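1. Kindly generate the corresponding structure for this input.
(chains A and B)
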Amino acid sequence: MMWQLANWFRRKKLESDLDRELRYHLDRRIIDLERSGLPTEEARRQALLELGGVTQVQEEVRDIWLSRWLRDFVYDLRFSARSFFRSPSFTATTVLSLALGIGATTALYSLIDQIVLRALPVDHPERLVLIDWIGFQYAETFGTSNVMSYPICQDLQQKKDFFEGVLCRAATTISASTGGEPKLTAAELVSGNYFSLLGVRPALGRLLTTDDDQTPGSSPVVVLSYDFWKNQLGGAADIVGRKVLVNQYPMTVVGVAAPAFHGIDVGEVPSLWIPAVMSAQAIPGFTTMLDRRTRWMQILGRLKQNVSLQQAQTRLQPWFKSMLDEDMRRTNVSRASAELRRQFLASTLELTPAPQGHSVLRQGLSRPLWVLFVATAVLLALACLNVAGLFLARGSARHREISTRLALGASRGRIGRQLLADSVLLAFAGGLLGVVMSPIAVRALIAFLPHNSAANDLHANVDTHLLVFASLVSLATGFLAGSAPAFQAGRRSLDSSLRERGGTSSGGLLLRRGIVTAQIAFTLILVVAAGLFIRTLSGLLAKGPGFDTSSLISFGIKPALTGYSDDEANQLIRRISEEIRTSGSTRASAIARVQLLLGGAWNNSLTIQDRQQFVTDREVQLNAVTPGFFATLGARIVAGRDFNEHDALNAIAVGQSLPVSQSGRRVVIVNDAFVKRYFGGRNPLGALVAMGSGPGTKPDTEIIGVVENISYRSVREQWEQAYYPIGTEFSGSNFYVRFRGTPESAFRSIRAILRKADPALPITYFRTLDEQIDRSLNTEHMLAALSSSFGTLALLLSLVGLYGVMSFVVTQRTREIGIRLALGAMRWSAIWLVLRDALSMILSGIAIGLPFVWALGRLVESQLYDVKPSDPAVIAITTLILCSAGLGAALIPAHRASSINPTDALRVE
Amino acid sequence: MPSSKFPIPQGTLDMLILQIVSLEPVHGYGIAQRLDQISRSVVHANQGSLYPALHRLELKGWLRAEWKESETGREAKFYSLTASGRKQLAAEKQSWARLAGAVQLIFNEGNR
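-> Got it, this is the predicted structure:
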């Protein structure tokens, strides 16, 4: 096939060669025949007869060079290309609209492919499954989603009937030093069989083995990622055996992983891998690796060849149930309340296919990405319709040519194929342009995604996946856009079209009206979506986090990562806190244990002693803060008081290390939502609570204040919160500073304070709260920005379509309108004649689009805030926009209709 | 044209061409002559189908062609066998021998 196509380009040479070859044959044969006694003329006749006709042989050989079908199609394409060069504006319009549609779809597909669809570059990714605990684990949680304890992973590794192997991993951030300054670096804590199970090979040295994963603290070894080795260590050949300081703890590099392997999370690429048994060194203060009530690792298994996911899941349940029973005995689950025990025992084990690994980014983004993908598909369909409309218009202009060809004996199929060749050629030109543009679009899209200290594995390259996708889309687009005109050409009666005079045919007007109506329907969908997402974003921005974010900076430090003991860290933080408080550019400052607006929270159930003792029906969001935290944020204390220095003075670590005040009392501040849910709005001051939910839990912590609701995990969410005074357990701290002057000067003075305290102190983040809000709303920003640009494009495309059809209508009815005007009709009635026509198309388009809006609403519902997919205001405004813009587009041809000179009009034809 | 020669069996023309070309590089007319001689005028190969066959074999990569001076001093297109052509010829010879053997066997069965 490829060779045949290549033959097309050297057909001149082939022809002349064949000519020479055949002439040689004939000349030799004639000479031979002459020698045998035949006269020259007779010899020539005989030679030609034997060969069976030169033209016939040539034809047959040409069919071998390039099969007949292909040859005809190439002729068609060449004809199409020539006619496109003759009408550049038509060509530019169609190619550009297709390029926009195909480019946008391809860009979205690229992201979906990378984030949602693509399997890991490991052996047999299709047999990887994620193992997750569904139900209640009764455990302290570190990490984000699908986490379980390390001992459960070890249990599962024994289930050799179902799995070839089971691995566990946890992403974390460490400070790594390879000689110079320590740098915060993404790392992955993994079980020893991680690499062998995934089938990853080393680029250098060796990878981790099960020997590296035996007893806690015993294996200070690391494997580097190829990129880290190349970029941070200059690809040093002698790297194996060298030491890396992980949180100031020396570990030996044993190898470098293969270049293509970037871990199992596309959103968080680790720079080095550390055995799970070194978790105490990699996560300062983490000592509960072997605790069954600490969940922090994702567990993935590789199913055995002949075991299906369903079989494994079903047959693992009995073991899981007995493990739950055993857990009841061997851990403190038995102390939980009856309800929580019931929830615990009702838990099940769930296996889900995980050929793409595990990614938090994927969990958060797949829905928004699919929503946008559907939007681009609608946009592409709209572009198709636009091109189809333009083709029909062009088809009516050249239909005399087509009729003539039909009259000369061309088959209708042949003509249809010619028209399809037209649109396929255009679609591929558009597709090519779209592919060229798509990396720019993908880069813009990636910029919208959340980014943190770990790099993500997303790129804007055009790869084979993408090329295949884009060419399939182009082909489909070409066929869709070309089928209407081809159909139209095949249907028209030859007889009547030849009899018509040039330029006045009906030109498939009905079909063109249908296309414009469909365009309006599609546009309605996209504009409504844009309206919904803009309302969501503006609603969230207007709501805000419940406090004033201007002139507010937050930053985090983790002294433990550079080897500070708890005491030293505590002293350091107090020193920094004091310096910042007394700095000239600071108006107020405070510290919180957990960072706000990052998506995470510290959760636990509370036991409340009001008139009776009860446990909160869902987990409360907890934080620990210094006195003045609420004042710094500008959140009002609506009842009671803030913490003071005495509340946290006698910090005695009890249970969750909650501080006790001088008088021996523990205190807590709750928020409005908490009061509303658990006290029905009554005054909660003086009521007692306790953290946890076991029957032995004694409420001994007094509610001393109520603060207004502020956002914790995200701006979107409003939840019950409880705040404790911050204790002495400083593994890390989040500072909130309200500053005077510009953010730049505040950044400078704070950085100076931090450098003075310790130049090597790891700063985990440093940004204004405005920026933090933007980050936490980046999905909403992305949806609003993209959907409104799609909506605008859609509107533009359908207005062009509408304008085209209405112009055509006016041209066609010139005579009729002229007669009306001659008979005394008013100018405005001519305008109305055209506008009414346009309005009927717009309204029927809206009527067709509305059910689709309703149906697609379910897809976007979860992405919306404070607005329903069928929001009447959004739909009303959209309708208004469509009608006014549409009428505006129709007004130009309408005006032309009204200014028709009756005598001129009657003279036409 | 009534002829005592029977027409060349379907598909064997390619094999015969490969066989002829395998002996030495040869031009189209030479192949036509050789076909006539080798088959001792028993088999009739239509010369019209010779050139399409040559071009088909060239496209398949079994034959390679180059312009060279012929025995008459004029330039002619000479065909020679490529490595994959040689392999193909061997395969065809073998399957032909198997087929012929099988047919012979059936005939022998019938005669017994």
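2. who does the strand or helix carrying A:Ala889 touch, helix- and strand-wise?
-> Applying DSSP states H and E as the criterion places A:Ala889 in helix A:872-898. Under the contact criterion of 3 or more Cβ pairs under 8 Å, 6 or more residues apart in numbering or on different chains; DSSP states H and E, helix A:872-898 touches helix A:509-543, helix A:778-812, helix A:827-860. To be clear about C-beta, it is placed using only N, CA and C from the backbone, and glycine gets the same treatment.
3. in chain B, which spans are helices?
-> Ranges of helices in chain B, per DSSP state H, are B:12-23, B:28-38, B:50-60, B:83-111.
4. I'd guessed A:Asn332 sits against A:Asp291; true?
-> No - in this structure A:Asn332 lies outside contact range of A:Asp291 using Cβ atoms under 8 Å: 10.4 Å.
5. A:Leu850: neighbour count?
-> Neighbour count for A:Leu850, taken as other Cβ atoms under 10 Å in any protein chain shown: 18.
6. Distance of it relative to chain B?
-> 58 Å (Cβ to the nearest Cβ, to the nearest Å).
7. Next up, the contacts around A:Gly235.
-> Neighbour list for A:Gly235: A:Trp229 [criterion: Cβ atoms under 8 Å, 6 or more residues apart in numbering or on different chains].
8. Wasn't it part of a strand?
-> No - per DSSP: H, G, I helix; E, B strand; the rest coil, A:Gly235 lies outside any strand segment and is coil.
9. Include mean neighbour count and mean pLDDT when you put the helices of chain B into JSON lines, please.
-> As requested, the helices of chain B are exported to JSON lines (neighbours: other Cβ atoms under 10 Å in any protein chain shown; pLDDT from 0 to 100):
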{"stretch": "helix B:12-23", "mean neighbour count": "19", "mean pLDDT": "87"}
{"stretch": "helix B:28-38", "mean neighbour count": "18", "mean pLDDT": "83"}
{"stretch": "helix B:50-60", "mean neighbour count": "20", "mean pLDDT": "88"}
{"stretch": "helix B:83-111", "mean neighbour count": "12", "mean pLDDT": "88"}
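10. phi, psi of the closest residue to A:Val307 other than its chain neighbours?
-> Nearest non-adjacent residue to A:Val307, counting by Cβ to Cβ, 6 or more residues apart in numbering or on different chains: A:Phe162, 5.2 Å away. A:Phe162 adopts backbone torsions of phi -110, psi -40, taken as degrees, to the nearest 10.
11. count of residues packed around A:Phe162?
-> The burial count for A:Phe162: 22, using other Cβ under 10 Å.
12. What distance do you get for it to A:Arg907?
-> 88 Å (Cβ to Cβ, to the nearest Å).
13. got a list of what residue 80 touches?
-> Since no chain was named, I'll use chain A. By Cβ under 8 Å, 6+ apart, A:Ser80 lies in contact with A:Gln418, A:Ala421, A:Asp422, A:Leu425.
14. wrong chain, I was asking about chain B
-> By Cβ under 8 Å, 6+ apart, the neighbours of B:Ser80 are B:Val21, B:Glu24, B:Pro25, B:Leu63, B:Arg64, B:Ala65, B:Glu66.
15. Which residue, other than its chain neighbours, is closest to B:Leu18?
-> Among residues not flanking B:Leu18 along the chain, B:Leu89 sits closest, at 4.3 Å (Cβ to Cβ, 6+ apart).
16. oh sorry, the question was meant for A:Gln137
-> Per Cβ to Cβ, 6+ apart, closest to A:Gln137 is A:Arg295, 5.6 Å.
17. which residues touch that neighbour?
-> Applying Cβ under 8 Å, 6+ apart, the residues near A:Arg295 are A:Trp133, A:Gln137, A:Ala139, A:Glu140, A:Thr141, A:Phe142, A:Gly143, A:Val147, A:Met148, A:Ser149.
18. Among the residues you listed, name the buried ones.
-> Among these, those classed as buried by 16 or more other Cβ atoms under 10 Å in any protein chain shown are A:Trp133, A:Gln137, A:Ala139, A:Glu140, A:Thr141, A:Phe142, A:Val147, A:Met148, A:Ser149.
19. Could you find the closest non-adjacent residue to the fourth one?
-> With Cβ to Cβ, 6+ apart as the measure, A:Thr294 is the residue that lies nearest to A:Glu140, at 5.3 Å, once sequence neighbours are left out.
20. In terms of pLDDT, where does the residue of the stretch 651-800 of chain A found nearest chain B sit?
-> Per Cβ to the nearest Cβ, A:Leu797 is where the stretch 651-800 of chain A lies closest to chain B, at 45.5 Å. Looking at A:Leu797, its pLDDT is 89.
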